[in-house]
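Novice: I would like to see how this sequence folds:
(one chain, ligands or ions: 2)
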Amino acid sequence: MSVTAVGSLVAHGVGTCPGCGLEIAFRSVVNALGRRTIVVIPPGCAAVFSGYGRQTAVRIPGFQGNLGSTAAYASGIRAGLDAQGKHDVTVLGFAGDGATVDIGWQALSGALERGDRIMYVCYDNEGYMNTGGQASGSTTSGAVTTTTPGGKMGGGKDMLRLVAAHGIPYAATASVGYVDDLVLKANRARDCGGPAYLHVHTPCPTGWGFGPDLTVEMARLAVRSLSFNLVEVDRGRWRLTFRVRDRVPVSEYICRQRRFRHLPDEEVERMQAGVTAAYAALEKMCAG
Ligand SMILES: Cc1ncc(C[n+]2csc(CCOP(=O)(O)OP(=O)(O)O)c2C)c(N)n1
Ligand code: SF4
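Specialist: Ligands and ions are numbered 1, 2, ... in the order given. The predicted structure follows:
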């Protein structure tokens, strides 16, 4: 499926930066879900899709809420639709990592705990990019951001594990480097019958410091270097949806990004050891 096909539910010419990974994610997910969808978007780079005033870039209903309440708005819409017997409408929250991993976590956890049948997509550009590139709870350790000028200390939150711990029917990670896999997972999330969560890795040329022609390559390098893993949790069963056979060293992924340029060799070695061990643990977990 082309993400720019005629008949797309998303207009051409929106104001994201050239090469924006989030734009690929948004087009892919909304077009996969189809017209019977209502979208809630918080402030952040994706706000260019919800639009300004009476303008919007999408052919489905939706609105821009506040930064911390995407899941709560979605739950309210779901309840209203269900009360009207409109069970075939998908309610989609589409929020950045800052709006999800940090400030929106409370609302998201509550919705998942209640079992509200909403679909929530976190696009992960690893920072608060719309406001100048501050670090979030999803920023990779060591990355330079405007709030971590010496490199971020500590690792990021494991959102898939946190979300899956709520016992929801479907949760998965995906990447704009593998759009077919992303679309498949969006369809599974829509049809799972309960709350669903997708965590989509969306490289950000502006914030990470790489050329806008390299977005898909960067997304694939993240997966091939084991820095971002493609996994789904379907009714409690963990499965690696992409087994990496042509591994590349982490250095090959990070050396192309300005945000990691300062890292000494021993720090890169530590990162390598970290991702290798995490992948081995994941493989074990997915083996049952
Ligand atoms: C409570 C609150 N604090 C701060 C802001 C300012 N603000 C608007 S967008 C944004 C960044 C959101 O980051 P993220 O959710 O990661 O999305 P991205 O900008 O990366 O697309 C911030 C901090 C706000 N709108 N509301
Ligand atoms: S700052 Fe990054 S995420 Fe935001 S629009 Fe630009 S490229 Fe996309």
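Novice: How about the contacts made by residue 20?
Specialist: Shown in contact with residue 20 (CB atoms under 8 Å, 6 or more residues apart in numbering): 45, 202, 204, 205, 206, 212, 215. (Each C-beta comes from the backbone N, C-alpha and C, glycine too.)
Novice: Any regions of the stretch 1-150 of the chain where pLDDT drops low?
Specialist: Low-confidence regions of the stretch 1-150 of the chain, defined by pLDDT under 70, span residues 1-6.
Novice: Try it again at 80.
Specialist: Within the stretch 1-150 of the chain, the stretches with pLDDT under 80 are 1-7, 52-53.
Novice: right, and residue 26 touches residue 123 too?
Specialist: Yes. Counting by CB atoms under 8 Å, residue 26 touches residue 123, with 7.3 Å between them.
Novice: joint contacts of these two?
Specialist: Overlap between the contact sets of residue 26 and residue 123, as judged by CB under 8 Å, 6+ apart, is given by 46, 94.
Novice: Closest one of the contacts of residue 20 to ligand 1?
Specialist: Out of the contacts of residue 20, the one with the shortest distance to ligand 1 is residue 45. That distance is 3.3 Å, counting by CB to the nearest ligand atom.
Novice: I'd assumed that closest one was in a strand, is it?
Specialist: No. Secondary structure of residue 45 (DSSP: H, G, I helix; E, B strand; the rest coil): coil, not part of a strand.
Novice: phi, psi of it?
Specialist: Taking degrees, to the nearest 10, you get phi -60, psi -30 for the backbone angles of residue 45.
Novice: got the contact list for it?
Specialist: The contact partners of residue 45, taken as CB under 8 Å, 6+ apart, are 16, 20, 22, 96, 125, 129, 130.
Novice: And the helices in the stretch 151-288 of the chain, which stretches?
Specialist: Listed in chain order, the helices of the stretch 151-288 of the chain (DSSP state H, counting those that start in this stretch) span 159-164, 179-190, 205-208, 215-224, 250-254, 265-286.
Novice: want to throw the ones you listed into CSV with mean neighbour count?
Specialist: Listed next are those as CSV, based on neighbours: other CB atoms under 10 Å:
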stretch, mean neighbour count
helix 159-164, 19
helix 179-190, 20
helix 205-208, 22
helix 215-224, 21
helix 250-254, 20
helix 265-286, 14
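Novice: between those, which one is nearest to ligand 2?
Specialist: Proximity to ligand 2 (CB to the nearest ligand atom) singles out helix 205-208 among the helices of the stretch 151-288 of the chain, at 4.0 Å.
Novice: what packs against the closest one?
Specialist: Using 3 or more CB pairs under 8 Å, 6 or more residues apart in numbering; DSSP states H and E as the contact test, no helix or strand touches helix 205-208.
Novice: hmm, back to that, figure out which of the helices of the stretch 151-288 of the chain is closest to ligand 1.
Specialist: Across the helices of the stretch 151-288 of the chain, ligand 1 has its closest neighbour in helix 205-208 (7.6 Å, CB to the nearest ligand atom).
Novice: I'd like the distance from the closest one to the chain centre, please.
Specialist: Helix 205-208 has its C-alpha centroid displaced from the chain centroid by 16 Å (CA atoms, centre = their mean, to the nearest Å).
Novice: hmm, it touching ligand 1?
Specialist: No. Under the criterion of CB under 6 Å from any ligand atom, helix 205-208 makes no contact with ligand 1; the nearest approach is 7.6 Å.
Novice: Wondering if stretch 257-264 reaches ligand 2 at all.
Specialist: No. Using CB under 6 Å from any ligand atom as the criterion, no contacts between stretch 257-264 and ligand 2 are found, and the smallest distance is 12.0 Å.
Novice: how distant is that stretch from the center of its chain?
Specialist: Once both centres are worked out by CA atoms, centre = their mean, stretch 257-264 turns out to sit 23 Å from its chain's centre.
Novice: for stretch 206-223, same thing?
Specialist: Distance of stretch 206-223 from the chain centroid (CA atoms, centre = their mean) equals 15 Å.
Novice: Near ligand 2, which residues of the stretch 151-288 of the chain? Just list them.
Specialist: Along the stretch 151-288 of the chain, the residues adjacent to ligand 2 under the rule CB under 6 Å from any ligand atom are 204, 205, 206, 207.
Novice: Now the two most distant members of these.
Specialist: In those, the most distant members under the criterion CB to CB are 205 and 207, with 7.8 Å between them.
Novice: Any chance you could give me stretch 163-182 in CSV, C-alpha atoms only?
Specialist: Output in CSV follows, covering the C-alpha atoms of stretch 163-182 (Å, rounded to 0.1, in the frame of the first residue of the first chain):
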residue,chain,number,x,y,z
VAL,A,163,1.8,-1.7,28.6
ALA,A,164,1.6,-5.5,28.2
ALA,A,165,1.6,-5.8,32.0
HIS,A,166,-1.9,-4.4,31.9
GLY,A,167,-3.0,-7.7,30.2
ILE,A,168,-4.5,-6.0,27.1
PRO,A,169,-5.2,-8.1,24.1
TYR,A,170,-2.7,-6.6,21.7
ALA,A,171,0.5,-4.6,22.0
ALA,A,172,3.4,-4.3,19.6
THR,A,173,6.4,-2.3,18.5
ALA,A,174,6.8,-1.3,14.8
SER,A,175,9.1,0.9,12.7
VAL,A,176,8.7,3.2,9.7
GLY,A,177,11.6,1.2,8.2
TYR,A,178,9.2,-1.7,7.9
VAL,A,179,5.9,-0.3,6.8
ASP,A,180,4.3,-3.6,5.7
ASP,A,181,4.8,-4.9,9.2
LEU,A,182,3.5,-1.6,10.7
